[in-house]
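Trainee: Build me a model:
(chains A and B)
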Amino acid sequence: MVAFVSENFVPVRVHVREQADEFKRLGERYGAQWTPTVLVINPAGEERHRIEGFLPTEDFLAQLSLGLAHEAFAKSSFAEAQRRFADIVERHPDTEAAAEALYWAGVARYKATDDPSALAETARQFKKRYQKSSWAKKASVWDRDEGSAATARQ
Amino acid sequence: MADEKSAISWSHNLEAALEQARSSNKYVLLDFTAAPM
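Mentor: All right, here's what the predicted structure looks like:
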């Protein structure tokens, strides 16, 4: 974890008691009222991702990676975003972040290629893994068979 | 995770960290903590 953080971030820590004034100032600025709260902040000082509460190391790393992937997506760097999201699924498949990453990898691929089959393929992947996640429900609308059935029911 | 996080070289100055992030093309990781320092 130390290497990943050093490679991608400048780490800053503010302590609720030992830096009470700074904690209050930054807590008000970023709306942090609980510890641990970890924010990914871009160089302009804007929050890009938030992790609230304790997470085991692998989940924490997956969440940090999710933050970087979402930032690439927000900058319309869709190929980079797809790579980062897919990497989370590959490296951290048993974390909660993985299902979200699988969803957004499909969206990023679609945005990068304008190929709707990227979404249908993502929906099919959710039939094999993370079936009970909210992300699987969100992706289900992309499944052609499911979509056709829904249309037929209307 | 607490032990691993404690191994990170944390700074305590956000403004300086933002400046460093700008010059090194990185993001800032801001940890609001109650963990022993």
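
Trainee: any low-confidence regions in the chain?
Mentor: In the absence of a named chain, chain A is used. Residue ranges of chain A with pLDDT under 70: A:145-154.

Trainee: try chain B instead
Mentor: Scanning chain B with the threshold set as pLDDT under 70 gives B:1-3.

Trainee: so where do the strands sit in chain B?
Mentor: Ranges of strands in chain B, per DSSP state E, are B:27-33.

Trainee: Look through it and tell me its longest helix.
Mentor: helix B:14-24 (DSSP state H).

Trainee: so what does it touch, helix or strand wise?
Mentor: Applying 3 or more Cβ pairs under 8 Å, 6 or more residues apart in numbering or on different chains; DSSP states H and E, we find helix B:14-24 packed against strand A:9-15, strand B:27-33. C-betas here are computed from N, CA, C, even on glycine.

Trainee: Chain neighbours aside, what residue packs nearest to the most centrally placed residue in chain B?
Mentor: The centroid of chain B falls nearest to B:W10 when counting by Cα atoms, centre = their mean (4.4 Å). Leaving aside its chain neighbours, B:W10 sits nearest to A:R13 (3.8 Å; criterion: Cβ to Cβ, 6 or more residues apart in numbering or on different chains).

Trainee: how many neighbours does the one you found have?
Mentor: Neighbourhood size, A:R13 [other Cβ atoms under 10 Å in any protein chain shown]: 22.

Trainee: before we move on, the earlier item: okay if I get the helices and strands packed on helix B:14-24 as a markdown table plus distance to A:Q131?
Mentor: Formatted as a markdown table, those follow (distance: least, Cβ to Cβ, whole Å):
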| stretch | distance to A:Q131 |
| --- | --- |
| strand A:9-15 | 33 |
| strand B:27-33 | 33 |
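
Trainee: on that earlier part again, for A:Q19, see how far away the residue nearest to the centre of chain B is.
Mentor: As judged by Cβ to Cβ, to the nearest Å, B:W10 and A:Q19 stand 11 Å apart.

Trainee: same question, A:V89
Mentor: A:V89 is 37 Å from A:Q19, where distance means Cβ to Cβ.

Trainee: ok, the two, which is more surrounded?
Mentor: Shown here are A:V89 and A:Q19; by other Cβ under 10 Å, A:V89 has more neighbours (22 against 17).

Trainee: So the more buried one versus A:A74, what's the distance?
Mentor: Look at A:V89 and A:A74: by Cβ to Cβ, they are 20 Å apart.

Trainee: Also A:L26?
Mentor: Distance, A:L26 to A:A74, by Cβ to Cβ: 22 Å.
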